[in-house]
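Q: Task: produce atomic coordinates for the following.
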Amino acid sequence: MSQSISNTEENVARGNQLCLMFSGRDGPSIARQAIRLAKEKKMRVCFAYVLDPTVADAVFHKLTDAVFVGERPTEQLAQAILAEHATRGRECLRRATEDAAASGVESEERLLAGEVVQSAHALAMECACAEIVLGEPRPSLLQHFFSHSIADHLRRLGYVVEVVKVGS
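A: Residues are numbered from 1 along each chain as shown. Below is the predicted model of the structure:
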């Protein structure tokens, strides 16, 4: 993390909003669970799709490993990957907002860029979130650990964090 975030009480504003942070293919499943939680708790929901700036590098490394591209990505390739990531994010947010409206849950959406913990903290402060929902990824033990480390870090900052199982 590049900046220090303190966990003083004034940093953890409480409101009547549930914030959902997602960035991957499991967004619709996690969004449905967040809508259900928001409805049960009579809360608004703020859907946030996080554009991780390291995605382009990760995709490029996979393409390099497959000998699909050379040693260095072009700027156009990096921009195309990030543009596709943003398009995916906007589509996930649109669907989540439509699903919330259909369920009678008031919502808003945010497309954020940056590191997940910093983005979640900034969003929670701005929206006075009472709770943050994160998805527990399916694919690997490493991703499982990563998801929980984000949740643990946010909890240390004083947030109520719920990690939901993807696909349930």
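Q: mind checking how far V164 is from E131?
A: Counting by CB to CB, to the nearest Å, the gap between V164 and E131 amounts to 11 Å. C-betas here are computed from N, CA, C, even on glycine.
Q: so what sits against both of these two?
A: The overlap between the contact sets of V164 and E131 (CB atoms under 8 Å, 6 or more residues apart in numbering) is empty.
Q: Which one's more surrounded, the two?
A: The residue with the greater number of neighbours, taking V164 and E131 and applying other CB atoms under 10 Å, is E131; the counts read 22 against 19.
Q: Can you give me the distance of that one to N16?
A: Using CB to CB, E131 is found at 10 Å from N16.
Q: Mutual contacts of the two, please.
A: In terms of CB under 8 Å, 6+ apart, E131 and N16 are both contacted by the residues M43.
Q: which parts of the longest helix along the chain are buried?
A: Secondary structure of the chain read by DSSP state H shows that its longest helix is helix 75-102. For helix 75-102, the neighbour count (16 or more other CB atoms under 10 Å) marks A78, I81, L82, H85, R88, G89, C92, L93, A96, T97, D99, A100 as buried.
Q: Nearest residue to G135 in space, please, no chain neighbours.
A: Across the structure, with CB to CB, 6 or more residues apart in numbering as the measure, the residue nearest G135 apart from its sequence neighbours is I30 (3.9 Å).
Q: Sticking with that neighbour, tell me its helix or strand.
A: helix 27-40 (DSSP states H and E).
Q: and that helix with helix 75-102, angle?
A: Angle of helix 27-40 versus helix 75-102, following axes from the mean of the first three to the mean of the last three CA atoms, to 10 degrees, is 30 degrees.
Q: all strands for the chain, in order.
A: Assigned by DSSP state E, the strands in the chain fall at 17-22, 44-51, 107-113, 129-136, 161-165.
Q: ok, the first one: who's next to it in the sheet?
A: When you say that, I think you mean strand 17-22. Paired with strand 17-22 in the same sheet, following DSSP bridges, are strand 44-51 (parallel), strand 129-136 (parallel).
Q: Can you give the contact residues for it?
A: Counting by CB under 8 Å, 6+ apart, the neighbours of strand 17-22 from elsewhere in the structure are 30-31, 34, 37-38, 41, 43-50, 92, 96, 116, 119-120, 123-124, 127-135.
Q: which regions of the chain sit below the pLDDT cut-off?
A: Under the criterion of pLDDT under 70, the regions of the chain flagged as low confidence span 1-15, 23-26, 55-56, 60-73, 136-148, 166-168.
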